[in-house]
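[1] Would you be able to build a 3D model of this:
(chains A and B)
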Amino acid sequence: AAGVIQSPRHLIKEKRETATLKCYPIPRHDTVYWYQQGPGQDPQFLISFYEKMQSDKGSIPDRFSAQQFSDYHSELNMSSLELGDSALYFCASSHRDRDSSYEQYFGPGTRLTVT
Amino acid sequence: AQTVTQSQPEMSVQEAETVTLSCTYDTSESDYYLFWYKQPPSRQMILVIRQEAYKQQNATENRFSVNFQKAAKSFSLKISDSQLGDAAMYFCAYPQGGSEKLVFGKGTKLTVNP
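    Numbering: from 1, shown residues only, chains lettered A, B, ... in the order given. Model prediction:
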């Protein structure tokens, strides 16, 4: 079965640079979520999109922005990167209209290292 | 605030034995879902099992089962016949306040000894 695809898998950036993370949800899933997992931490919710509209927002810095496109893929844009942004970034998807449990399927993550 | 608490930072089990990981949560909702996710060294987040709060019956998926105590707001995961591949970090998670965002516990690191 198709899974959530994230690219790139690894990314190294310097402070103050910009990074773009991409997520391709499972086909026919209508909702995309982004989570950030710092070293030794649990995943923290950043933002979600349902049918290309932002549906919920968590502790996402103002330096970050995200959107979902017409083909349902999503991009997380991170500017003015700081050392503390080094983390594993997960994308997850679900089919909200079909499954009220909000069961989310996670991608493999993008490991961002800021030097 | 709605929280998820995993009181065991680390657990260990002998191969082929049974281990139970605990999780408690706090919610004012009456109808909700609970999830256990596994994160092996590859860091992939893998859904292990889910429980629907309005169902009395505990969920079971092969060697994995839950002990769901709604009144006590407890949701423990039992792993039977533990295998080396079960070694991972296990997170209990809950969709906060009926929204979509998952709130995770701090995780329990499970070691399986041969």
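[2] contacts and neighbour counts: CA atoms only from here.
    Fine.
[3] Might you enumerate the residues of chain A proximal to chain B?
    A:33, A:41-45, A:48, A:56, A:101-102, A:105-109 (C-alpha under 8 Å from any C-alpha of the partner chain).
[4] Mark which of these are part of strands, please.
    A:33, A:44-45, A:48, A:56, A:105-106 (DSSP state E).
[5] Lowest pLDDT pick from these?
    Least confident of these in the model: A:Asp56, at 90.
[6] what's the closest non-adjacent residue to A:Gly3?
    A:Ile26 (5.4 Å; C-alpha to C-alpha, 6 or more residues apart in numbering or on different chains).
[7] Skipping adjacent residues, who's closest to A:Ala92 in space?
    A:Phe106 is the one closest to A:Ala92 (C-alpha to C-alpha, 6+ apart), at 4.1 Å.
[8] Hmm, that neighbour is touching A:Pro43, no?
    No - between A:Phe106 and A:Pro43 there is no contact under C-alpha atoms under 8 Å: 11.3 Å.
[9] one step back: the residue nearest to A:Ala92: what's it in contact with?
    Residues in contact with A:Phe106, defined by C-alpha atoms under 8 Å, 6 or more residues apart in numbering or on different chains, are A:4, A:90-93, B:44-46.
[10] What of A:Ala2?
    A:26-27.
[11] next one: A:Glu51
    So A:Glu51 contacts A:30-31, A:68, A:72 (C-alpha under 8 Å, 6+ apart).
[12] now, which of these sits nearest chain B?
    Chain B lies nearest to A:Thr31 out of those, by C-alpha to the nearest C-alpha, at 9.3 Å.
[13] what's the distance between the nearest residue to the closest one once chain neighbours are set aside and chain B?
    Closest residue to A:Thr31 apart from its sequence neighbours, by C-alpha to C-alpha, 6+ apart: A:Tyr50 at 4.4 Å. Distance of A:Tyr50 to chain B, given as C-alpha to the nearest C-alpha, to the nearest Å: 10 Å.
[14] Contacts for the worst-scoring helix or strand of chain A on mean pLDDT, please.
    Scoring the helices and strands of chain A by mean pLDDT, DSSP states H and E places strand A:53-57 at the bottom, with a mean of 91. Here strand A:53-57 makes contact (C-alpha under 8 Å, 6+ apart) with A:45-49, A:67-68, B:100-101.
[15] Which is the succeeding secondary structure element to that strand?
    strand A:64-68 (DSSP states H and E).
[16] Mind giving me the packing neighbours of the helix or strand following that following strand?
    Per DSSP H and E, the first helix or strand lying C-terminal to strand A:64-68 is strand A:74-78. Where contact means 3 or more C-alpha pairs under 8 Å, 6 or more residues apart in numbering or on different chains; DSSP states H and E, strand A:74-78 is packed against strand A:19-24, strand A:64-68.
[17] same thing but 10 Å
    strand A:5-7, strand A:19-24, strand A:31-37, strand A:44-50, strand A:64-68, strand A:87-94 (3 or more C-alpha pairs under 10 Å, 6 or more residues apart in numbering or on different chains; DSSP states H and E).
[18] Can you find the helix or strand in chain B with the smallest mean pLDDT?
    strand B:60-61 (a mean of 90).
[19] Residue numbers of chain B in contact with chain A?
    B:31-35, B:42-47, B:50-52, B:89, B:91-95, B:98-107 (C-alpha under 10 Å from any C-alpha of the partner chain).
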